[in-house]
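*Asks:* Sequence first, then the predicted structure, then my questions.
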Amino acid sequence: MTILDEAVSEECGGSSSRGAPREAAGNPTVSALLENDHRSIDAMFTDVEALILERNCTGASTAFQTFQKRLEAHIAAEELVLFPAFEEATACNGQTSVMRSEHAAFRRLMTEIHTALEGASERDPLPLFQELGRTLSSHNVKEERVLYPKMDANLDGGQRRELVSRIAIILE
Ligand SMILES: [Fe+2]
Ligand SMILES: [Fe+2]
């Protein structure tokens with residue numbers, strides 16, 4: 001187990017994620033909303049990767065800008081709304097600080113990929129983009145298995161609805 005994994009699996013205050021509610025009709029959960037957004041971003045990732053593999057630089061660059069904007073919105077929703085709510089509910093910031101540092105790494109990588117796709121550096125965008133895909137996947141697994149369910153488990157129905165709507169506004 002790495003240091004990051006240990007931080008993510010640490011136990012703090014609040015309820016455990018076991019028995020966290022799934023989406024009920026008209027009562028969406030943080031897990032359902034953000035997992036759906038992960039899947040949308042995954043689909044966009046696949047499209048950009050295909051264009052890079054085809055060496056379609058113009059198409060890849062345009063599709064990457066859309067992907068980047070979408071991932072930036074997801075990260076903003078987590079950092080501005082979800083993580084502060086999680087830290088308040090659980091009195092714990094180890095897990096969120098690991099997630100924030102991984103977000104910072106995604107932002108650095110996206111800047112490098114953008115520069116490579118624009119032809120402004122000698123670097124091949126494909127390995128950079130694939131590295132982003134690998135690190136993003138493992139990040140998403142940690143959020144989906146630990147952080148999102150724990151957040152849902154620490155909110156009552158009204159609090160959950162309010163948090164979900166605040167997150168959804170940023171994702172729109
Ligand atoms: Fe995240
Ligand atoms: Fe996420």
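*Replies:* In hand now; what should we look at? Ligands and ions are numbered 1, 2, ... in the order given.
*Asks:* where does the residue in the chain sticking out farthest from the centre land in three-state SS?
*Replies:* What lies farthest from the middle of the chain is residue 122; by C-alpha atoms, centre = their mean that is 28.7 Å. Three-state assignment for residue 122 (DSSP: H, G, I helix; E, B strand; the rest coil): coil.
*Asks:* and it, what are its phi and psi?
*Replies:* Main-chain torsions, residue 122, degrees, to the nearest 10: phi -80, psi 0.
*Asks:* mean confidence score for stretch 51-71?
*Replies:* Averaged over stretch 51-71, pLDDT sits at 96.
*Asks:* Buried residues of that stretch, list them for me.
*Replies:* 51-52, 60-61, 63-64, 67-68, 70-71 (16 or more other C-beta atoms under 10 Å). C-beta: built from backbone N, CA, C; applies to glycine.
*Asks:* where's residue 80 relative to residue 120, distance?
*Replies:* Separation of residue 80 from residue 120 (C-beta to C-beta, to the nearest Å): 30 Å.
*Asks:* Then residue 154?
*Replies:* Between residue 154 and residue 120 the distance is 45 Å, computed by C-beta to C-beta.
*Asks:* Pick out whichever of the two has more residues nearby.
*Replies:* A count of neighbours by other C-beta atoms under 10 Å puts residue 154 above the other of residue 154 and residue 120, at 21 against 9.
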